[in-house]
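Student: curious how this folds, go ahead:
(2 chains)
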Amino acid sequence: MTSLLLLVGRRLLYGIVTLLVVSFLIFGGTELLPGDVADAILGQGATPEAVAAIRADLDLDRPAWERYAGWLGGILSGDLGTSLTSKRPIDEMIGARLGNTLTLAAVSAVVAVPLALFLGLLAALYRNTAFDRALSVATVSTVSMPEFFVGYLLILVFAILLGWLPPNSNAVANPNLGFGDHLIALALPCATLTVVVVAHMMRMTRAAVINIMTAPFIEMATLKGVSRARRVFRHAFPNALSPIINVVVLNLAYLVVGVVVVEVVFVYPGMGQLMVDHVAKRDVPVVQACALIFASTYVVLNMSADILAILANPRLRHPK
Amino acid sequence: MKPKRGGTLKVAVGGGSSTNSFDPTTYDDFVMNDIAFQYANRLTQANAKGVIVPDLAESWEATPDARVWRFHLRKGVEFHNGKPLEAEDAVWSINLHRGKDSKSAAKALLTAVTDVRAEGKNVVVVELDGGNADLPAIMADYHLMILPHNLPADAGVGTGAFVKEMFEPGVRWAATRNPNYWDGDRPYVDAVELSVVNDPTARLAALRSGQAHMINRVDAKTVSLLKRDDNVQILRSPAWAHYTLPMHCDKAPFDNQDLRLAMKYAYDREQMLTQILRGYGSLGNDTPIAPTNPYFNAEMPQRTYDPDKAAFHYKKSGHEGPLQVHTSDAAFAGAIDAAVLFKENAAKAGITVDVVRDPADGYWSDVWLKVPACYVFWAGRPTPDMIFSTAYAKDAAWNEAKWDNAAFNELLIKARAELDFDKRKAMYAEMQTLVNTDGGTIVPVFNDWLDAGTTAVKGYEPHPLFDFSGHKAAEKVWLEEG
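Tutor: Numbers count the residues shown, from 1 in each chain, chains lettered A, B, ... in the order given. Down below sits the predicted model:
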């Protein structure tokens, strides 16, 4: 048990160090953006006086390392700072957007993960049958289509031709929206994301299970007379969990941080859109805060993948 | 047709960002401009012909030298919070954009203003350092919203036709009809819901699925397809907005008038109009004054594509070697195609144009005003003086062609203080000729605004200065839903 805690503790430490390095890279990276925040805020309307006024207002004349130290200190004390452009507190701005992103990710995960595992196991069970081949063709084609194309196809069919679902999902920003309408608004982006992530997870499940199916202990089970379904679900699947957990968690991370294109297509007010808008305006504090949240999501999810894999596999718990 | 009351107008529009704020000094794109015109008013406004008419000021007069102006406020107007409108509010609102620390894009418009003061409760006095007959037009600028002086500038409280209900920057604006609105029966709809939809395809989908009644910035390429939908109408406004290709007159190679003329004759405006704008625009004549503008010089012949004349001037200029023209999507949709077309046009006159494609990011800060020639987009201005003083006068910050013509600069000051329309028109005609022949700016086309709506939308009125009926669509239209 202590060794397990030690393992988890070490993972946590790695995670914190990674985040620190990432915070440094994020800060350095945004400093390297072309142009100047004052010019970008004003756009075509940047007169020299207005630019000078904004520069002074934003403290841009202070050296970068001083601003980095101040920023990091602020974050550690729970203060993400204020937006340069809109002057609003960043945590308030991010709050609703992060909620939207997590809702979409959660709903998509609830649909996609069980579906992928189920289809993957079925494919392994009926390996090399017509069903398996059809599923392979379908998933390989969805995984090769860019997500915006999947999105536009779904809009064309379900919003324009059939008229069943709204093409834009921005209704979620309406505070008076009922739960049912909320789900309707989420339907198309959720379907798009599901189509995009299912393929990857399903194929990994299939491959991992099939790989285990060649192991001697499965052969033993076969010789004992265990049914095929029981061999797959009871004997092979638990042993194939480690690689499956990894790919599932990577896809979850993608659902949180990689969906900006889907957000644009469906006009979904999530974190990706918020970050892109602020990149365009060089609103450095907001960009940094978003990047840090995205990085933390990755680090935390990867860490949980590691820990879950350790828990799922007794051999990893007792390294020699 | 008699306007019908009621309903919620839903619009899906591009040109918004999560960085938007109510503060009128920060307005720089469609969405905040449109929201501002819903919740607040200015002293004056441009009507559908581009003529300046009363908004919150019911009348105004100037001293004969056009130096001191008095604006008389409408009586009985209230802000949404019940506070009556007073001269003090207007003074405070205008001063938001003035002063050393102002970051307002309207600051440059107000540099000639030496004093703004209230005279009693209903008169606003504006003093200038020189005569300017266009001050009422300047007061119609979309930044100069009149707000209550005792609230912060980003409070979102005004005198407008709609009262704020909800605002999430870059996502959504919802507002309800102001029952105390001062302008007659307006507005007709009970509420407005504005969604920010920056992706043009998503806007089209919103319109065609019935999720939105109106959308803006329809891509000219898709108009012919959209016309096939019987539930959709294209809402088109011939506008004073235009594209330019300024060439820096202060240094080689474009300090040579013959080379500039060669470029102007080598530009096929017809082709740009038909291929880039798909006909949704009108021909430019190398001045920023559109044919529908009251000050337009109709005597001046339209410059046409003439490779022979271009070759003649090119030879006379003595220039050799390729000429760089910078372009980017940031300039306007189709700016890259426009540059490539021009390259082909110019090649026929023996002029080699190199198209330099710049990233959209940083185009206005690093390319525009810095390189010898690049593509630019200009919104229309209500009067010739406003566009000439902004982009053609010798000392203007945005004199994008670095043009310095003594006769033009002298006429500019003289025309500015002239209150008589005919005399003014004659001076502006002369100035248009100067810009056309000596100036460094190619103005190939004026672009139309292209909005679209469902057939339920009635009362849309084209406007030369802005799309969406001059940003008054929410106030002007009504819904006839089946």
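
Student: near chain B, which residues of the stretch 51-200 of chain A show up?
Tutor: Residues of the stretch 51-200 of chain A found near chain B (Cβ under 8 Å from any Cβ of the partner chain) are A:53-54, A:57, A:83, A:85-88, A:93, A:96-97, A:152, A:155, A:159-160, A:163, A:166-168, A:170, A:173-175. Every residue, glycine included, has its C-beta placed from N, CA and C.

Student: try it again at 10 Å.
Tutor: Those residues of the stretch 51-200 of chain A that sit near chain B, judged by Cβ under 10 Å from any Cβ of the partner chain, are A:51-54, A:56-57, A:83-88, A:93, A:96-97, A:100, A:148, A:151-152, A:155-156, A:158-176.

Student: buried members of those into PyMOL, please.
Tutor: Applying 16 or more other Cβ atoms under 10 Å in any protein chain shown to these leaves a buried subset, and the PyMOL line that selects it is:
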select buried, chain A and resi 51+53+54+83+84+85+86+88+93+96+97+100+148+151+152+155+158+159+165+166+167+168+169+170+171+172+173+174
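
Student: narrow the residues of the stretch 51-200 of chain A next to chain B to those in strands?
Tutor: Among these, the subset assigned to strands under DSSP state E is empty.

Student: out of the residues of the stretch 51-200 of chain A next to chain B, which are inside helices?
Tutor: Among these, the members found in helices (DSSP state H) are A:51-54, A:56-57, A:93, A:96-97, A:100, A:148, A:151-152.

Student: in a markdown table, list those along with distance to A:M202 and pLDDT.
Tutor: Listed next are those as a markdown table, based on distance: Cβ to Cβ, whole Å; pLDDT from 0 to 100:
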| residue | distance to A:M202 | pLDDT |
| --- | --- | --- |
| A:V51 | 53 | 73 |
| A:A52 | 57 | 75 |
| A:A53 | 56 | 70 |
| A:I54 | 51 | 68 |
| A:A56 | 56 | 72 |
| A:D57 | 52 | 65 |
| A:M93 | 37 | 86 |
| A:A96 | 33 | 85 |
| A:R97 | 30 | 89 |
| A:N100 | 27 | 91 |
| A:F148 | 22 | 90 |
| A:G151 | 20 | 92 |
| A:Y152 | 23 | 93 |
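
Student: could you check how far B:G334 is from B:Y375?
Tutor: Applying Cβ to Cβ, to the nearest Å, the value for B:G334 to B:Y375 is 10 Å.

Student: who has more neighbours out of the two?
Tutor: B:Y375 (28 against 22; other Cβ atoms under 10 Å in any protein chain shown).

Student: B:P238: neighbour count?
Tutor: By other Cβ under 10 Å, 18 other residues sit near B:P238.

Student: is it in contact with B:P462, as I believe?
Tutor: Yes - using Cβ atoms under 10 Å, B:P238 makes contact with B:P462 at a distance of 6.7 Å.

Student: common neighbours of these two, please.
Tutor: Counting by Cβ atoms under 10 Å, 6 or more residues apart in numbering or on different chains, the common neighbours of B:P238 and B:P462 are B:448-449.

Student: of all residues in the stretch 301-450 of chain B, which one is closest to chain A?
Tutor: For the stretch 301-450 of chain B, the residue closest to chain A is B:S365, as judged by Cβ to the nearest Cβ, at 3.5 Å.

Student: so what sits against both of B:G334 and B:Y375?
Tutor: The contact sets of B:G334 and B:Y375 overlap at B:243, B:327 (Cβ under 10 Å, 6+ apart).

Student: wait, the residue of the stretch 301-450 of chain B closest to chain A sits on A:P48?
Tutor: No - applying Cβ under 10 Å, one finds B:S365 not in contact with A:P48, separated by 11.6 Å.

Student: who has more neighbours out of the two?
Tutor: Relative neighbour count places B:S365 above the other of B:S365 and A:P48, with 21 against 8, counting by other Cβ under 10 Å.

Student: just for the stretch 151-300 of chain A, where's the confidence low?
Tutor: Flagging of the stretch 151-300 of chain A using pLDDT under 70 yields an empty set of residue ranges.

Student: so who does the residue in it that chain B sits nearest to touch?
Tutor: The nearest approach of the stretch 151-300 of chain A to chain B comes at A:P167, 3.6 Å away (Cβ to the nearest Cβ). The neighbours of A:P167, taking Cβ under 10 Å, 6+ apart as the test, are A:151-152, A:154-156, A:158-160, A:188, A:265-267, B:12, B:197, B:201-212.

Student: now, of these, which are buried?
Tutor: Buried among these (16+ other Cβ under 10 Å): A:151-152, A:154-155, A:158-159, A:188, A:265-267, B:12, B:197, B:201-209, B:211-212.

Student: in strands, which of these appear?
Tutor: Using DSSP E, these in strands are B:A12.

Student: so what's A:V107 closest to, chain neighbours aside?
Tutor: A:C190 (5.1 Å; Cβ to Cβ, 6 or more residues apart in numbering or on different chains).

Student: before we move on, back to that, quick check: the gap between the residue of the stretch 151-300 of chain A closest to chain B and A:G272.
Tutor: 18 Å.

Student: give me the neighbour count for residue 126.
Tutor: In the absence of a named chain, this looks at chain A. For A:Y126, using other Cβ under 10 Å, the count is 15.

Student: please refer instead to chain B.
Tutor: 27.

Student: so it makes contact with B:D115?
Tutor: Yes - with contact defined as Cβ under 10 Å, B:V126 reaches B:D115; the gap is 7.5 Å.

Student: overlap in contacts, those two.
Tutor: B:68, B:91.

Student: helices or strands up against the helix ranked longest in chain B?
Tutor: In chain B, assigned by DSSP H, the helix with the most residues is helix B:421-437. Packing partners of helix B:421-437 (3 or more Cβ pairs under 10 Å, 6 or more residues apart in numbering or on different chains; DSSP states H and E): helix B:257-265, helix B:384-391, helix B:406-416.

Student: and A:R62, what is it in contact with?
Tutor: A:G70.

Student: same check, this time on B:H80
Tutor: The contact partners of B:H80, by Cβ under 10 Å, 6+ apart, come to B:39-40, B:148, B:155-160, B:162-164, B:175, B:178, B:180-181.

Student: what about it, which SS state?
Tutor: coil (DSSP: H, G, I helix; E, B strand; the rest coil).

Student: thinking again about what came up before, list the helices and strands the strand or helix carrying the residue nearest to A:V107 packs on?
Tutor: Per DSSP states H and E: A:C190 is located in helix A:179-213. Packing partners of helix A:179-213 (3+ Cβ pairs under 10 Å, 6+ apart): helix A:90-125, helix A:130-144, helix A:147-154, helix A:216-224, helix A:237-257, helix A:260-266.

Student: so which bits of the longest one are buried?
Tutor: Read it as helix A:90-125. Here helix A:90-125 shows A:90, A:93-94, A:96-98, A:100-101, A:103-105, A:107-109, A:111-113, A:116-117, A:119-125 as buried, counting by 16+ other Cβ under 10 Å.

Student: and stretch B:146-153, by the same measure?
Tutor: Result for stretch B:146-153 [16+ other Cβ under 10 Å]: buried residues B:146-149, B:153.

Student: farthest pair in those residues?
Tutor: Within these, B:I146 and B:A153 form the most distant pair, 11.4 Å apart (Cβ to Cβ).

Student: what touches both of these two?
Tutor: Common neighbours of B:I146 and B:A153 (Cβ under 10 Å, 6+ apart) are B:24, B:92-93.

Student: filter the residues you listed down to the ones in strands?
Tutor: Per DSSP E, the shared contacts of B:I146 and B:A153 never map to strands.

Student: restrict the residues you listed to those near chain A?
Tutor: Counting by Cβ under 10 Å from any Cβ, the subset of those that neighbours chain A is empty.

Student: who wins for neighbours among those residues?
Tutor: Of all these, the highest neighbour tally under other Cβ under 10 Å goes to B:P24, namely 27 neighbours.

Student: check contacts around the closest residue to that one other than its chain neighbours.
Tutor: Using Cβ to Cβ, 6+ apart and skipping the chain neighbours, the partner closest in space to B:P24 is B:M145 (4.5 Å). B:M145 makes contacts with B:22-25, B:27, B:36-37, B:39-43, B:56, B:93-94, B:96, B:153, B:158-160, as judged by Cβ under 10 Å, 6+ apart.
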